[in-house]
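Student: structure here, sequence nowhere to be found:
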């Protein structure tokens with residue numbers, strides 16, 4: 001493979017201004033992540049200490065093998081919901097190493113509303129279990145759940161992808177032979193009781209852990225019976241009477257030690273084999289990404305400059321470099337693994353769509369995982385392009401993305417708009433993992449265009465009623481629409497709603513993708529099969 005020759009002028013004023021802008025965005029990201037992870041009212045932390053409970057992040061740290069990476073997922077879930085009072089959606093999820101094995105960690109955060117499940121808590125847990133299913137990853141549940149947050153029960157209880165999906169996914173994992181280990185570290189109430197009950201192994205902590213469908217207040221209200229939490233569902237009862245608990249632990253650290261020992265004894269199937277070579281760092285420093293990403297999201301830039309700072313040795317075997325040039329396709333290695341890359345380099349038209357569809361099929365046939373680097377405004381529109389078959393050819397790309405059997409990974413590097421979001425393996429197309437960068441935007445169309453369209457529609461509605469807006473009034477409406485649209489299309493809104501698996505510092509992207517890629521190889525790669533391509 002040839003090394004990409006970077007044309008970025010790292011000493012230019014524009015590079016310097018871009019770098020300053022993007023470093024500020026990354027600093028803001030890291031502060032938001034720190035706050036979501038650690039900022040809690042002192043009364044809630046004191047309550048944990050009084051109950052002899054560890055803080056959720058201390059639990060996770062104790063579980064993981066020392067000095068191993070932890071790819072946390074959706075750290076900023078719910079950051080724009082519930083008045084900011086449910087950091088991380090009251091959950092910690094991610095991929096880590098336990099007893100030398102890659103696992104999904106799911107931990108209730110008892111310092112947030114007693115670990116109660118909000119609608120976005122449920123969505124985050126379901127997503128973590130979807131990842132476990134897709135990638136055949138064992139799951140460790142650190143349970144401390146006060147049940148669902150009842151005032152919002154209509155938003156998390158009954159529908160297909162609501163709370164019931166957690167238990168359905170647990171059952172599917174068991175059916176697939178993917179093990180789950182649960183530790184009841186606090187009260188596991190209502191639906192939360194099913195998490196340990198549906199796990200292959202469960203451990204319950206004396207004094208703090210309890211499992212029951214209805215706690216003592218519910219039992220008293222329903223039956224008049226007065227019973228303590230320990231009598232109703234404590235460690236001693238469940239490990240010696242009901243059999244719901246498998247292991248009795250005298251403390252949280254004892255429980256974690258048991259869990260680690262259980263995981264160490266699990267059967268370890270061989271990973272899927274793909275083309276692998278020795279890893280080497282990129283020829284260019286990842287920190288240069290800050291100067292390459294434009295401070296104005298509308299400014300185009302060469303995605304080869306991004307690729308050069310992600311892949312091994314900055315080497316890239318570009319496929320059809322002279323054809324369909326608005327989509328860059330080619331082969332590279334990431335931490336030794338061969339991958340196929342599709343990266344937007346302008347507005348997609350028919351030739352780039354056809355090129356992308358063909359390249360995906362080549363990768364699929366060759367068992368080469370796919371990485372999509374999104375910076376897309378949507379497909380080209382207009383009479384000439386429709387007559388040339390842009391809708392038909394865009395559909396071919398969508399068909400190829402949907403049918404690909406190899407693992408797919410998506411990073412929104414800048415813009416992700418319109419049907420281009422779909423064609424470049426957006427969330428609806430089941431990439432194994434999807435990440436965004438801090439300045440990225442995701443929406444049906446660009447914010448400026450959308451504000452213009454919506455303002456025009458409003459003006460026409462008023463005109464039909466005989467009204468007319470002055471230029472100042474039109475500009476005020478446009479500004480208001482633009483502000484709301486930008487907020488709803490921001491990376492922080494996308495991550496709040498769990499449209500992605502987290503916002504990444506661009507400089508950390510290479511390592512995050514390597515962890516995700518390694519985890520994906522726990523699942524087999526199926527034989528390629530596609531639907532009908534409209535010719």
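Tutor: In hand now; what should we look at? Bear in mind the structure is a predicted one, so any value in this text is a computation, not a measurement.
Student: give the helix, strand or coil label for the closest residue to residue 478 other than its chain neighbours.
Tutor: Distances taken as C-beta to C-beta, 6 or more residues apart in numbering put residue 455 closest to residue 478, at 4.5 Å, once the chain neighbours are dropped. Every C-beta, even on glycine, is put in place using the N, C-alpha and C of the backbone. For residue 455, the assignment made with DSSP: H, G, I helix; E, B strand; the rest coil gives helix.
Student: burial measure for residue 455, as a count.
Tutor: 21 (other C-beta atoms under 10 Å).
Student: ok, now how distant is it from residue 475?
Tutor: 9 Å (C-beta to C-beta, to the nearest Å).
Student: try residue 192
Tutor: Taking C-beta to C-beta, one finds residue 192 at 51 Å from residue 475.
Student: so between the two, which is more surrounded?
Tutor: Higher neighbour count among residue 192 and residue 475: residue 192, with 28 against 12, using other C-beta under 10 Å.
Student: quick one on the thing from earlier: the residue nearest to residue 478 and residue 442, how far apart?
Tutor: Residue 455 is 21 Å from residue 442, by C-beta to C-beta.
Student: what's residue 60 in contact with, if anything?
Tutor: 70, 92, 94, 96, 105, 107, 142 (C-beta atoms under 8 Å, 6 or more residues apart in numbering).
Student: so which of these are in strands?
Tutor: 92, 94, 96, 105, 107, 142 (DSSP state E).
Student: most neighbours, which of the residues you listed?
Tutor: So for the ones in strands among the contacts of residue 60 (other C-beta under 10 Å), the most neighbours sit at residue 142, 29 neighbours.
Student: hey, which strand is longest across the protein?
Tutor: The chain, longest strand under DSSP E: strand 408-417.
Student: show me what that strand is packed against.
Tutor: strand 370-376, strand 433-436, strand 441-443, helix 509-520 (3 or more C-beta pairs under 8 Å, 6 or more residues apart in numbering; DSSP states H and E).
Student: after the lowest-mean-pLDDT helix or strand in the chain comes which helix or strand?
Tutor: Using mean pLDDT, DSSP states H and E, the weakest-scoring helix or strand in the chain turns out to be helix 447-464, at a mean of 74. Per DSSP states H and E, the first helix or strand lying C-terminal to helix 447-464 is helix 471-488.
Student: next secondary structure after that next one?
Tutor: Toward the C-terminus from helix 471-488 - assigned by DSSP H and E - lies helix 491-496.
Student: helices and strands around that following helix, which ones?
Tutor: Packing contacts for helix 491-496, counted by 3+ C-beta pairs under 8 Å, 6+ apart, involve strand 433-436, strand 441-443.
Student: same question for the last one, mean pLDDT?
Tutor: Which is strand 441-443. Averaging pLDDT along strand 441-443 yields 90.
Student: contacting residues around it?
Tutor: So strand 441-443 is contacted by 297, 412, 414-417, 421, 436, 447, 450, 485-486, 488-491, 494, 499 (C-beta under 8 Å, 6+ apart).
Student: contacts for the least confident helix or strand of the chain?
Tutor: By C-beta under 8 Å, 6+ apart, helix 447-464 touches 298, 441, 443-445, 468-469, 474, 477-478, 481-482, 485-486, 489.
Student: then stretch 473-488?
Tutor: 441, 443, 447-448, 450-452, 454-455, 458-459, 469, 493.
Student: farthest-apart pair in these, please.
Tutor: 469 and 493 (28.6 Å; C-beta to C-beta).
Student: now the helices for the stretch 51-200 of the chain?
Tutor: Taking DSSP state H, counting those that start in this stretch, the helices of the stretch 51-200 of the chain run over residues 56-63, 119-135, 164-176, 194-197.
Student: and of the ones you listed, who's closest to residue 150?
Tutor: Nearest to residue 150, of all the helices of the stretch 51-200 of the chain, is helix 119-135, at 11.9 Å by C-beta to C-beta.
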